[in-house]
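1. From the sequence below, what's the structure:
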Amino acid sequence: RPSSVCLCSYLPTQPIQTSIKIHILQHPREQKRRLTTVPLLTAALAKDCVHVYRGIRFTRNRLTELAEIAASPSTVILYPSSKAIDIKQLNCDLSTVNDLFVIDGTWDQARTIMHRNEFLNKCVQVKLVNDEISEFVIRTQPTVTCLSTIEAVALSLEILENNCLIKETLLKPLRAMCDMQLACGAVVHTSKDIKKKTLIDSSAISNDRAINGEDDE
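-> This is a model prediction of the structure:
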């Protein structure tokens with residue numbers, strides 16, 4: 001890569017070693033996107049700490065491996081369903097977490113992966129309850145509080161490992177990537193819910209003007 005867009009200097013000198021193993025279940029369509037955050041994650045974490053599995057319904061050879069991990073009481077999956085608990089609660093309960101599943105894809109893709117892999121339902125489902133806004137500004141998020149995969153993992157590890165340095169180290173290359181893309185002409189994306197609200201507000205203002213006869217002046 002040209003030095004102007006190389007992210008190597010923003011990655012940690014030594015890959016981060018964590019006590020928790022991260023298992024990324026990546027939807028094939030996500031892999032095909034030009035700008036994704038999983039490569040940043042795998043470059044920043046030690047090789048034995050992060051594993052990426054690509055697919056929708058996992059084949060028999062991988063199914064056995066993943067099913068064994070999912071069956072462990074020390075495994076959780078980051079999936080904000082109605083029965084998911086706040087990930088901070090695990091820390092408060094002093095629960096031991098050794099493995100964390102994270103689905104990389106859109107919400108529809110994540111639901112598809114959950115539905116087609118029953119073994120994932122054996123995991124305790126956890127969610128991030130936070131007010132943080134995604135710094136992955138070159139991609140549109142569904143809502144203002146939705147995070148990219150690397151941000152979700154960074155925040156989860158910060159909580160579960162009780163180490164704020166992990167989060168900052170993981171987000172450094174993400175911020176750099178966004179800055180580089182913006183410098184090359186990319187634009188800042190707002191979340192879909194903000195866009196919808198802006199459209200509704202604009203429509204309401206136009207209607208008010210029409211009712212008050214301002215458009216006829």
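2. Which residue, other than its chain neighbours, is closest to residue 140?
-> Among residues not flanking residue 140 along the chain, residue 189 sits closest, at 4.3 Å (CB to CB, 6 or more residues apart in numbering). (C-beta placed from N, C-alpha, C; glycine too.)
3. for residue 86, that is, sorry about that
-> residue 129 (4.7 Å).
4. residues near the one you found, how many?
-> Residue 129 sits with 13 neighbouring residues when counted by other CB atoms under 10 Å.
5. repeat for the one 10 residues further on
-> Counted with other CB under 10 Å, the neighbours of residue 139 add up to 15.
6. outside of stretch 29-36, which residues touch it?
-> Here stretch 29-36 makes contact (CB atoms under 8 Å, 6 or more residues apart in numbering) with 38, 54, 104-106, 109, 138-139, 149, 177, 181.
7. let me fix that: stretch 156-172
-> Where contact means CB under 8 Å, 6+ apart, the residues beyond stretch 156-172 that reach it are 10-12, 16, 18-20, 22, 40-41, 44-45, 78, 87-88, 90-91, 97, 100, 102, 126, 128, 135, 150-151, 153-155.
8. Now go through these and say which are in helices.
-> Within these, membership in helices is found for 40-41, 44, 87-88, 90-91, 150-151, 153-155, as judged by DSSP state H.
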